[in-house]
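Engineer: A predicted structure for the sequence below; I have some questions about it.
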Amino acid sequence: MFKSTVRTLMIATIIAGGAVSGAYAKNPMVGGAAMYADKNIVENAMNSKDHTTLVAAVKAAGLVETLQGKGPFTVFAPTNEAFAALPAGTVDTLLKPENKAKLTKVLTCHVVAADAMSSAIGKMIKDDGGEHDVKTVGGCVLKAKMMGKKITLTDENGGVAHVTIADVKQSNGVIHVIDKVLLPKM
């Protein structure tokens, strides 16, 4: 009887441990850094070596405090390579103090005032017949579509970004890493 009870308790502990660890799945690594669900968007982005340009731009635009706020926010976060693919001189020009309004517009066209995991975005795309309009805090409308199992976003100029790392949970929302800078019509 004692052995049976001990074995039952051990099995129950293993099952409960598996359920708990499954409920707290690890965030993906981004830019060689661990992303922590208990840290905010800015705290995590600052640790990603793939997002140094984005962090510099957020600082230059004065958006650090906003993106450290309560949220929830969904941020489509372009990599350094995405910024480097812009025409020569674009990033340097946008980072100048006199272009703060333009920079802010570009950055806020990557932010949605919601906590939208990829499964929710995928459902909205499906429910809308294959394309869903995503309204950003910057006033831009992005067209979300599925390409296989990956989400794509088309900006107002026809540029297409692919979500390369989805569902990076933050304390104040979620980050989806993208491979292109989304540009508003200006």
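Structural biologist: Thanks, I have it.
Engineer: residue contacts, His41?
Structural biologist: Heads up, residue 41 is Ile, not His. Shown in contact with Ile41 (CB atoms under 8 Å, 6 or more residues apart in numbering): Leu67, Gln68, Gly71, Phe73, Val75, Gln170, Asn172, Gly173, Ile175. Backbone N, C-alpha and C define where each C-beta goes, glycine included.
Engineer: next step: these restricted to helices.
Structural biologist: Members of the contacts of Ile41 lying in helices (criterion: DSSP state H): Leu67.
Engineer: now for the contacts of Ile41: which two are most distant?
Structural biologist: Farthest-apart pair in those is Gln68 and Ile175; separation 13.5 Å (CB to CB).
Engineer: which one's more surrounded, the two?
Structural biologist: Applying other CB atoms under 10 Å to Gln68 and Ile175 shows that Ile175 carries more neighbours, namely 25 against 16.
Engineer: for the protein, give me the ranges with low pLDDT.
Structural biologist: Along the chain, segments meeting pLDDT under 70 span 1-25.
Engineer: buried sites along the longest strand along the chain?
Structural biologist: Taking DSSP state E as the criterion, the chain has its longest strand at strand 160-170. Using 16 or more other CB atoms under 10 Å as the burial criterion, the residues of strand 160-170 that qualify are Ala161, Val163, Thr164, Ile165, Ala166, Asp167, Val168, Lys169, Gln170.
Engineer: Met147: which of the residues you listed is nearest?
Structural biologist: Val163 (9.5 Å).
Engineer: can you show me the strands along this protein?
Structural biologist: According to DSSP E, the chain carries its strands in the segments 73-78, 111-112, 132-135, 141-147, 150-154, 160-170, 173-178.
Engineer: coming back round to it: what would the contacts of Ile41 look like in TSV with distance to Ile121?
Structural biologist: Shown next, in TSV, are the contacts of Ile41 (distance: CB to CB, whole Å):
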residue	distance to Ile121
Leu67	20
Gln68	24
Gly71	17
Phe73	14
Val75	13
Gln170	16
Asn172	18
Gly173	13
Ile175	13
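Engineer: quick one: contacts for Val177?
Structural biologist: Residues near Val177 by CB under 8 Å, 6+ apart: Val30, Asp50, Ala77, Thr79, Val163, Thr164, Ile165, Ala166, Val168.
Engineer: out of those, flag the one nearest to Tyr36.
Structural biologist: Nearest to Tyr36 out of those is Val168 (CB to CB; 9.9 Å).
Engineer: so that closest one bridges to which residues?
Structural biologist: Beta-bridge pairing for Val168 (DSSP bridges): Ile175.
Engineer: now the angle from the longest strand of the chain to strand 173-178?
Structural biologist: In terms of direction (axes from the mean of the first three to the mean of the last three CA atoms, to 10 degrees), strand 160-170 departs from strand 173-178 by 150 degrees.
Engineer: figure out which of the strands of the chain is closest to Leu95.
Structural biologist: Nearest of the strands of the chain (CB to CB): strand 73-78, 14.3 Å.
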